[in-house]
Each structure stands twice: as C-alpha cells, then as structure tokens.
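Asks: From the sequence below, what's the structure:
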Amino acid sequence: MEIIPVLDILGGIAVGAIKGEREKYKPLVSVLAPSHSPLDFAAVFKNRMGFKRLYIADLDSILNNGNNYGIIREIKKKSGLRIMLDPGIRNIDKFDKSIFECCDDLILGTETLGSTDNLSWFIKAAGQKKVIISIDIKEGRTITACPGLSSEPFETITSLFKSGARDFILLNLSGVGTLTGVPGFVPGLMRKLSEIKVNVITGGGVTSIDDIIRLSGSGISGVLIATSLHRGNITVEDLEKAG
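Replies: Okay, the predicted model is just below:
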C-alpha cells in the first residue's frame with residue numbers, strides 16, 4: 001500500500017486543510033519545516049521521508065481565483081516527485097492541456113466537475129498520464145455537481161466505472177485535518193467494490209500509522225496523509241515500519 005503526502009496550496013503558500021471548509025484554511029504550521037513554502041515541504045517529503053508521489057490541491061484554481069501552476073511545475077522539476085494534481089476542473093470548455101506539464105496524475109473531483117459526459121475525453125487527452133476521479137464525501141455521501149450522479153459512494157463509483165474510470169480516491173472531506181481516524185464506511189465499501197477492477201486511494205482523518213496498517217488487506221492501494229505528518233503523529237520511523 002502506497003502512502004502519499006498531501007499539500008494544499010493557496011496564494012502560493014502551503015496551508016492547513018480543515019474539513020474542506022476553505023474559508024478556515026490558514027498558513028500551514030508543521031514540525032517538518034519552519035516555512036510555508038510548498039517547495040520546502042516537497043523537498044522534505046522526497047529527501048527526508050522517501051515519498052515517491054505527492055498529492056497537490058491547487059486551491060486557487062479550485063476556487064476559480066487564478067492558479068499555482070508555476071509553483072507546481074517547479075515542485076515537479078526540482079523534487080522529482082510524481083505529482084497528483086487537483087485543479088478543480090469543471091468542464092472541458094476552459095480546460096488547458098498545458099496543465100499536464102504540472103502533473104503526472106490529473107484528479108477530477110466530484111465536488112467541482114460539472115458533468116461526467118466528457119470523462120472519456122479527459123482520459124484520452126491525458127494520454128499516458130492517469131486520470132483519477134476523487135469521490136468527495138461528506139457525512140458518508142458523495143458531494144457532486146454532476147446532474148444524475150448518485151450521492152451514494154458505491155453507486156457513484158460504479159457509474160463512473162461504466163464511463164471508463166478505473167482509478168479513484170475516496171476523500172472523506174469531513175475528516176480532513178481532524179485526526180478522527182479512517183471512516184468506518186471505507187472497508188465495507190471496498191468489499192462491495194471487490195468485484196470490479198478499480199484502484200482506490202483513500203484519505204481524510206488518518207490519525208496514526210495504525211490507521212494505515214488496519215487498512216492493509218482491505219483492497220485499498222494507497223492512503224493520503226497530511227495533518228498526521230505535520231503534527232508528528234506519523235514519523236519516518238513509522239513509515240519504515242509500515243513497509
């Protein structure tokens with residue numbers, strides 16, 4: 001199981017995410033680095049902690065208020081990390097293919113994506129890069145702007161699977177930044193998904209390395225972590241223990 005750090009960028013700096021409530025995000029305070037520089041954190045993730053991949057949420061782009069593509073390109077170039085990027089894509093009309101210069105995996109979030117009709121277009125446009133669908137969940141229900149897409153996570157995934165998606169993130173927005181633990185619905189949902197061939201990463205609420213170890217064998221292919229790293233709950237030694 002892959003462990004993937006998360007970096008939220010707003011106004012060019014790293015910020016701490018809380019439950020997806022972006023008006024509450026503040027400059028990130030972390031035991032890992034004294035600054036708020038996204039580049040500093042990326043260097044720590046790669047050189048000190050040994051991560052291979054980094055999830056970035058470009059909050060300015062998600063909020064439709066500019067973007068941080070220049071910084072993200074620099075992170076990708078200097079760190080050598082594989083970049084998973086959520087830029088808050090809404091539709092293909094304003095989609096700029098140059099975004100692929102910033103990332104290796106493009107994330108389409110159900111919270112912002114306006115339609116699933118063009119999913120196959122995004123997958124084709126990505127070429128050898130991956131398109132990952134983030135199933136954005138609050139209180140156990142999918143948050144979606146897509147007409148006709150179910151708010152029940154299992155039905156959301158199976159519907160998107162039929163449209164060509166194979167890679168997903170179960171993002172528990174209610175747990176982001178809270179250290180409340182992996183939600184109980186994740187193992188049950190993975191059992192239901194075992195009959196279809198999908199790759200699933202989960203995130204939101206991870207408290208410690210024990211949460212991650214408990215997910216072993218559930219079918220989850222990766223776990224996103226942020227607050228547990230920045231608070232020191234998960235250390236380099238913990239990561240080594242998890243294998």
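Asks: Grab the most central residue of the chain for me.
Replies: The centroid of the chain falls nearest to residue 55 when counting by Cα atoms, centre = their mean (5.2 Å).
Asks: and that residue, what are its bridge partners?
Replies: With DSSP bridges as the criterion, residue 55 is bridged to residue 6, residue 84.
Asks: mind checking how far residue 6 is from residue 147?
Replies: 29 Å (Cβ to Cβ, to the nearest Å). Yep, even glycine has a C-beta here, placed from its N, CA and C like the rest.
Asks: just residue 197 next, same as before
Replies: With Cβ to Cβ as the criterion, residue 197 and residue 147 are 27 Å apart.
Asks: Enumerate every residue touching the residue nearest to the centre of the chain.
Replies: Residue 55 sits next to 4, 5, 6, 7, 84, 86, 107, 203, 224 when contact means Cβ atoms under 8 Å, 6 or more residues apart in numbering.
Asks: Would you mind writing the ChimeraX command to select the buried ones in those?
Replies: In ChimeraX syntax, the buried subset of these is picked out as below (16 or more other Cβ atoms under 10 Å):
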select :4,5,6,7,84,86,107,203,224
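Asks: Pick the one among the contacts of residue 55 closest to residue 152.
Replies: Lowest distance from residue 152 to the contacts of residue 55 (Cβ to Cβ) belongs to residue 203, with 19.5 Å.
Asks: Now that closest one, what are its backbone angles?
Replies: phi -170, psi 160 (degrees, to the nearest 10).
Asks: again with residue 170
Replies: phi -90, psi 100.
Asks: Not counting its neighbours along the chain, what's nearest it?
Replies: residue 202 (4.4 Å; Cβ to Cβ, 6 or more residues apart in numbering).
Asks: burial measure for residue 126, as a count.
Replies: Number of residues near residue 126 (other Cβ atoms under 10 Å) recorded here: 18.
Asks: pLDDT score for it?
Replies: Note on residue 126: pLDDT of 87.
Asks: Surely it and residue 108 touch.
Replies: No. Contact criterion Cβ atoms under 8 Å: residue 126 and residue 108 do not qualify, at 10.1 Å.
Asks: if we can go back for a sec, distance to residue 239 and pLDDT for the contacts of residue 55 - can I get that in a markdown table?
Replies: Shown next, in a markdown table, are the contacts of residue 55 (distance: Cβ to Cβ, whole Å; pLDDT from 0 to 100):
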| residue | distance to residue 239 | pLDDT |
| --- | --- | --- |
| 4 | 11 | 98 |
| 5 | 10 | 98 |
| 6 | 15 | 98 |
| 7 | 17 | 98 |
| 84 | 18 | 98 |
| 86 | 23 | 96 |
| 107 | 23 | 96 |
| 203 | 16 | 96 |
| 224 | 14 | 97 |
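Asks: A helix includes residue 168, no?
Replies: No. With DSSP: H, G, I helix; E, B strand; the rest coil as the criterion, residue 168 is located in strand rather than a helix.
Asks: Residues touching stretch 139-147, excluding its own?
Replies: By Cβ under 8 Å, 6+ apart, stretch 139-147 touches 90, 110-116, 135-137, 149-153, 156, 173-174, 183, 185.
Asks: Would you indicate which residues of it are buried?
Replies: By neighbour count on 16+ other Cβ under 10 Å, the buried set for stretch 139-147 is 142, 143, 144, 146.
Asks: Return the distance of that stretch from the chain's centre.
Replies: In terms of Cα atoms, centre = their mean, to the nearest Å, the centre of stretch 139-147 is set 16 Å apart from its chain centre.
Asks: got it, and stretch 45-58?
Replies: 12 Å.
Asks: for that stretch, which positions count as buried?
Replies: 45, 46, 49, 51, 53, 54, 55, 56, 57, 58.
Asks: what's the neighbour count on the closest residue to residue 169 other than its chain neighbours?
Replies: Distances taken as Cβ to Cβ, 6+ apart place residue 134 nearest to residue 169, at 4.3 Å, with adjacent residues excluded. By the criterion of other Cβ under 10 Å, residue 134 has 25 neighbours.
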